[in-house]
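**Student:** my questions are about this predicted structure, shown below with the sequence.
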Amino acid sequence: MVRTAGQEIPGSRLERAAALGELVKTKIERGDRYSAPEIYNLEITLLEVVQGSDARTRVQEEGILPPPAGWEYVLARLSFGYFSKGRGLERLEQSFVIGQDFFAAVSADGNTEYPPPPLLQQPQPSLIDKPFQPGDRREGWILLQVPETEKHLFLIFKREFKEFTYGVWGPVWFRLASL
């Protein structure tokens, strides 16, 4: 897709948060401190959001404990693709694992990030802690917890690979349906 001046990439900032069903193409850096970083392409789509009593029922059916008082769960189903950008003969094919803190719910003003619930298990099929090899694409769920009073939330994917970051990568933004 060709972009004209002034057009912004979906998910690039809070004001251009990707809508439900909108494909976001972005990049992530992988590598170690001893070699040049490798760039991988990501394709992420927020497919479905389950909240309120539907989320409570689903979470209870999976045997997940309820959230603390004053909080509620939000389930987000995503499509996540991880692809090698392909550079030369010496490139590495590194796997990628989505950690529990790579996705977070964020307040309507974009200033408050809500930590993920401390769970031993995730709703199934889960995207959390599953290895992706270059070329893999999967759909799965992530579980978020938010204050019951919070409305018009956002979801962010934190692209920073904190252990070996070379560049500064901002988060990718998605609009969650209002609660």
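**Tutor:** Nice, I can see it.
**Student:** okay, now the unreliable bits of the chain?
**Tutor:** 1-7, 31-36, 86-92, 160-168, 177-179 (pLDDT under 70).
**Student:** so where do the strands sit in it?
**Tutor:** Here the chain has its strands, by DSSP state E, at 23-30, 38-50, 71-84, 96-97, 103-106, 113-114, 131-132, 136-147, 154-157, 172-175.
**Student:** which residues sit against the fourth one?
**Tutor:** The one in question is strand 96-97. 28, 30, 40, 82, 129, 130, 131, 132 (CB atoms under 8 Å, 6 or more residues apart in numbering). Where you see a C-beta, it was placed from the backbone N, CA and C, and this is true even at glycine.
**Student:** quick one on the thing from earlier: relative to residue 15, which of the strands of the chain is closest?
**Tutor:** strand 172-175 (8.6 Å; CB to CB).
**Student:** name the helices or strands packed onto that closest one?
**Tutor:** Secondary-structure packing of strand 172-175 (3 or more CB pairs under 8 Å, 6 or more residues apart in numbering; DSSP states H and E): strand 23-30, strand 38-50, strand 154-157.
**Student:** export those strands to CSV and tack on mean neighbour count and distance to residue 16?
**Tutor:** Below are the helices and strands packed on strand 172-175 laid out as CSV (neighbours: other CB atoms under 10 Å; distance: least, CB to CB, whole Å):
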stretch, mean neighbour count, distance to residue 16
strand 23-30, 17, 10
strand 38-50, 18, 14
strand 154-157, 22, 11
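**Student:** got CSV for those, with distance to residue 105 too?
**Tutor:** Below are the helices and strands packed on strand 172-175 laid out as CSV (distance: least, CB to CB, whole Å):
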stretch, distance to residue 105
strand 23-30, 17
strand 38-50, 11
strand 154-157, 6
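**Student:** any idea which of those strands gets closest to residue 99?
**Tutor:** strand 154-157 (11.1 Å).
**Student:** list the strands paired with the closest one, with their directions.
**Tutor:** Under the criterion DSSP bridges, strand 154-157 sits next to strand 103-106 (antiparallel), strand 172-175 (antiparallel) in its sheet.
**Student:** picking up where we left off before, residue 157: which of the contacts of strand 96-97 is nearest?
**Tutor:** Out of the contacts of strand 96-97, the member with the shortest distance to residue 157 (by CB to CB) is residue 28, at 9.4 Å.
**Student:** re earlier: could you identify the most distant pair in the contacts of strand 96-97?
**Tutor:** 40 and 129 (18.3 Å).
**Student:** stretch 76-93: end-to-end distance?
**Tutor:** 28 Å (CA to CA, to the nearest Å).
**Student:** ok, stretch 98-109 next?
**Tutor:** 25 Å.
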